[in-house]
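> Here is the input, now give the coordinates:
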Amino acid sequence: MKLTWTANRGPAVGTYDSQVKILLPPSEGKTPARSGSPLDLPDLSAPDLNPQRKKVLTVLQKVSKRTDALDQLGVGASLSADVERNVSLDTLPCAPALLTYSGVLYEAMGAPDLVADAVADDSLAQRLRNVHVFSALFGQVNGLDPIPAYRLAMNTNLGTLGKLSSWWKPVLTKSFTIDPAEVILDCRSSEYRAAWPGPHEQVVTLGAVKVNGAKRSVVSHWAKYYRGELVGRLLADDRELPTTIADLLSRAEESYEVEFTPHSKSTPAALTIVLRD
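A predicted model of the protein is given here:
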């Protein structure tokens, strides 16, 4: 099946539809589209970000042409082809964000199947537009936004723009607004949270710990897996997405042993999946 996603016309960011919004990190690895239209910024959601997206794209292409591009982008020689591809990002074919990003989290959530099913399922397509991937290049995109595979991390100091998490923060603070009653399930890593922390009373971070007797340890690799798995289960469920933190916890408890830590003045709430030996 050939999947074609252009001109996403879902609700604008900031439009409250009562369902939880899911925030994901981009994957370090990305899958280049084999076919599709080239990047067209007006096809992306959150069009107010397009001037900033264009600015980052222009600087990235310039940096990627330099002889020291690998050092500037903080990558090794094995990724030189990815950096070379950056130079042509505005002409490369695009695919939905949930197909472009790959890796443990996206595999665990069953992203390819979700995108394929959404072609004929408007309700599922809208759920995927409630998934927002935070991006060093695009600021943030929703799950069906058509983008090319690129190489750029949020903690990169990019030419004249400086550290991208700091550069994007005031932009995203203004753009990515949410309703006071809205719930955010945050699966991002720390450098992407820095670009948009969100209000602590509305954000629930998702993590995992391994418990062996009295010993507890954070499981960073498997945390990605279980984040993706829970997100995939929420999106594929015939029921509506959760609308409250209590609903979110209840749905998580259907599949996992979980712990919940309420928010404080300095930290958001935390939902933790507990893995026992």
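> who's the residue nearest to residue 192 when sequence neighbours are not counted bridged to?
Taking CB to CB, 6 or more residues apart in numbering as the measure, residue 192 lies nearest to residue 134, with 4.4 Å between them; neighbours along the chain are not counted. Using the backbone N, CA and C atoms, a C-beta is placed for each residue, glycine as well. Counting by DSSP bridges, residue 134 is bridged to residue 140.
> Could I get the contacting residues of residue 134?
Residues near residue 134 by CB atoms under 8 Å, 6 or more residues apart in numbering: 23-26, 140, 154, 172, 188, 192, 195-196.
> CA atoms only for stretch 75-91 - export them in CSV, please.
What follows is the C-alpha trace of stretch 75-91 in CSV, where atoms were taken according to Å, rounded to 0.1, in the frame of the first residue of the first chain:
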residue,chain,number,x,y,z
VAL,A,75,28.4,12.7,15.2
GLY,A,76,31.0,10.1,14.1
ALA,A,77,32.3,9.2,10.6
SER,A,78,29.8,6.3,10.4
LEU,A,79,27.0,8.9,10.1
SER,A,80,28.6,10.9,7.3
ALA,A,81,26.0,9.8,4.8
ASP,A,82,23.3,11.2,7.1
VAL,A,83,25.0,14.5,7.3
GLU,A,84,25.4,14.7,3.6
ARG,A,85,21.7,14.1,3.2
ASN,A,86,21.1,17.2,5.4
VAL,A,87,22.3,19.3,2.5
SER,A,88,19.3,18.2,0.3
LEU,A,89,16.6,18.0,2.9
ASP,A,90,14.3,20.4,1.0
THR,A,91,14.3,18.1,-2.0
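> which parts of it are buried?
When burial is assessed from 16 or more other CB atoms under 10 Å, stretch 75-91 yields the following buried residues: 75, 79, 82-83, 85-87, 89.
> ok, now stretch 108-126?
Counting neighbours by 16+ other CB under 10 Å, the buried set in stretch 108-126 is 108-112, 114-115, 118, 124-126.
> do the same with stretch 23-38
23-27, 30, 32-33, 36.
> just how off-centre is it within its chain?
Averaged C-alpha coordinates place stretch 23-38 at 11 Å from its chain's average position (CA atoms, centre = their mean, to the nearest Å).
> mind checking how far residue 114 is from residue 197?
In this structure, residue 114 lies at 27 Å from residue 197, with CB to CB, to the nearest Å as the measure.
> and the nearest residue to residue 95 once chain neighbours are set aside, what is it in contact with?
The shortest distance from residue 95 to any non-neighbouring residue, by CB to CB, 6+ apart, is to residue 33 (3.8 Å). Residue 33 makes contact with 92-95, 99-100, 148-149 under the criterion CB under 8 Å, 6+ apart.
> How is residue 33 assigned, secondary-structure-wise?
In terms of secondary structure, residue 33 is coil; the call rests on DSSP: H, G, I helix; E, B strand; the rest coil.
> Now do it against residue 138, distance only.
Here the criterion is CB to CB. By it, residue 33 lies 15 Å from residue 138.
> Please apply the same query to residue 235.
21 Å.
> Settle it for me: which of these two has more neighbours?
residue 138 (26 against 22; other CB atoms under 10 Å).
> Tell me the backbone dihedrals of the more buried one, please.
The phi/psi pair for residue 138 (degrees, to the nearest 10) reads phi -110, psi 0.
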